[in-house]
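>>> Whatever this is, show me its structure:
(chains A and B)
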Amino acid sequence: MARAFDAVYDEYGRAVRAYLGRLTGDAWVAEELTQETFFRYLAHRDALRNANGSLGSWLYRVATNLAFDRRRRRKTEPLEAEPPAAVPDAAECAETRDLGERVRAEVAALPEELRAAFLLRAHHELPYHDVAEAMGVTERAAKDRFRRARDLLARRLRPIFREDRP
Amino acid sequence: MNCDEIRELTPDRLDALLDDERARAVDDHIASCAGCSAERASYGRFRAALYAPYPVPAHAPAAHRRGGAGAGLVRYAAAFAAGVLLTLVVQSARAAAPPPPPDRPVAEPVSETPPPVLVPRRIA
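Next up is the predicted model:
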């Protein structure tokens, strides 16, 4: 599974960063976690040399775990005293007719495990087997999470999409 | 299966979530039913819009930031150091690596996002 670091970074760096950006909703956090993901590849690449499975799945799994761990840690830390967020949430975006913004808001509003499954399958086009590996679950569980995410999004967004049709 | 069942299964058919037998049943029905065929086309257009990757958000909402200004500086310093180190690792790996053979395939971009920036550009 292990390969030259620069080749691995060239092939997966952008995709892992984009995945983390959509999973966390923050390009700054995505940058940090992408760097951490590839440092972990550097640290483990000798062990990965004889491992079976997809390197992409391994990287997505590390990235997913880092994002979930960060989210769990943040839940236990005190909030910084700041004014409420000025960014529109999913409900506010419902006022708009911009489907792209609605998709972004509704994906961001999904529970994180459903969001990860949806992003890996729909946006990054991983096979279900690789989605399962990346999330550390069975293929059946990965399919179930993806289906639940898709159905939630379709229920909320398809009526808007139809309204947008000429 | 009737039309309602077929329409319920159409998203799963497009997402390769059905076993072969049910996938064939859906395909056979749609091939002979104009209404279900139109519904499949309509759902396909919605699905294409839903699955189109959107740009990565540039900044987190303020309420997601925690830890105060000091923590922000620490985060920046750590990310900056990590970025520099990762850049050096990539550069040294490239310098040490032998030139690729002429038939080495060129890596295709895998995302619509801009090229990676290893050094964070923003101070929290």
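>>> Please count neighbours and contacts with C-alpha atoms only from this point.
OK.
>>> Would stretch A:100-114 count as contacting chain B?
Yes - Stretch A:100-114 lies within reach of chain B by Cα under 8 Å from any Cα of the partner chain, at A:100, A:103, A:104.
>>> so which helix or strand takes in the second one?
Which is residue A:103. If you go by DSSP states H and E, residue A:103 is part of helix A:99-109.
>>> Pull out the buried residues from that helix.
A:99, A:101, A:102, A:103, A:104, A:105, A:106, A:107, A:108 (16 or more other Cα atoms under 10 Å in any protein chain shown).
>>> go on, stretch A:64-71?
Within stretch A:64-71, judged by 16+ other Cα under 10 Å, the buried ones are A:64, A:65, A:66, A:67, A:68.
>>> helices and strands of the chain: which one bottoms out on pLDDT?
Here I'm looking at chain A. One helix or strand of chain A scores below all others by mean pLDDT, DSSP states H and E: helix A:90-93, with a mean of 50.
>>> Wait, chain B was what I had in mind.
Quick look at chain B via mean pLDDT, DSSP H and E: least confident is helix B:68-96, a mean of 60.
>>> right, and the secondary structure at residue A:126 would be what?
Classification of residue A:126 by DSSP: H, G, I helix; E, B strand; the rest coil places it in coil.
>>> Pop out the phi and psi values for it.
Here is the backbone geometry of residue A:126 (degrees, to the nearest 10): phi -80, psi 140.
>>> tell me the angle the longest helix seen in chain A makes with helix A:99-109.
Looking across chain A with DSSP state H, the single longest helix is helix A:139-164. Per axes from the mean of the first three to the mean of the last three Cα atoms, to 10 degrees, the angle that helix A:139-164 makes with helix A:99-109 is 150 degrees.
>>> ok now helix A:139-164, how far from the chain's centre?
With Cα atoms, centre = their mean, to the nearest Å as the basis, helix A:139-164 stands 16 Å off its chain's centre.
>>> any idea which helix or strand carries residue B:18?
Per DSSP H and E: residue B:18 is located in neither a helix nor a strand.
>>> Can you report how many residues neighbour it?
Residues lying near residue B:18 (other Cα atoms under 10 Å in any protein chain shown) number 16.
>>> And it, how close does it get to chain A?
11 Å (Cα to the nearest Cα, to the nearest Å).
>>> So that residue sits against residue B:11, correct?
No - at 9.7 Å, residue B:18 does not count as touching residue B:11 under the criterion of Cα atoms under 8 Å.
>>> List the contacts of whichever helix or strand comes after the helix holding residue A:103.
Using DSSP H and E, the helix or strand that follows helix A:99-109 in sequence is helix A:112-118. The contact list for helix A:112-118 (Cα atoms under 8 Å, 6 or more residues apart in numbering or on different chains) reads A:23, A:64, A:68, A:107-108, A:131, A:135, A:142, A:145-146, A:148-150.
>>> Let's see that with 7 Å instead.
A:23, A:107, A:131, A:142, A:145, A:146, A:149, A:150 (Cα atoms under 7 Å, 6 or more residues apart in numbering or on different chains).
>>> Does anything pack onto the helix or strand hosting residue A:62? Which helices or strands?
According to DSSP H and E, residue A:62 maps onto helix A:55-76. The helices and strands touching helix A:55-76, judged by 3 or more Cα pairs under 7 Å, 6 or more residues apart in numbering or on different chains; DSSP states H and E, are helix A:5-24, helix A:27-48, helix A:128-135.
>>> relative to helix A:55-76, how tilted is the longest one?
For the pair helix A:27-48 and helix A:55-76, the angle between their directions (the same axes, to 10 degrees) equals 130 degrees.
>>> Can helix A:27-48 be said to contact chain B?
Yes - on the criterion Cα under 7 Å from any Cα of the partner chain, helix A:27-48 is in touch with chain B at A:27, A:28, A:32, A:35.
>>> Between the residues you listed, which sits nearest residue A:8?
Nearest to residue A:8 among the residues of helix A:27-48 next to chain B: residue A:35, at 12.9 Å, using Cα to Cα.
>>> And for that closest one, the neighbour number?
If we define neighbours as other Cα under 10 Å, then residue A:35 has 23 of them.
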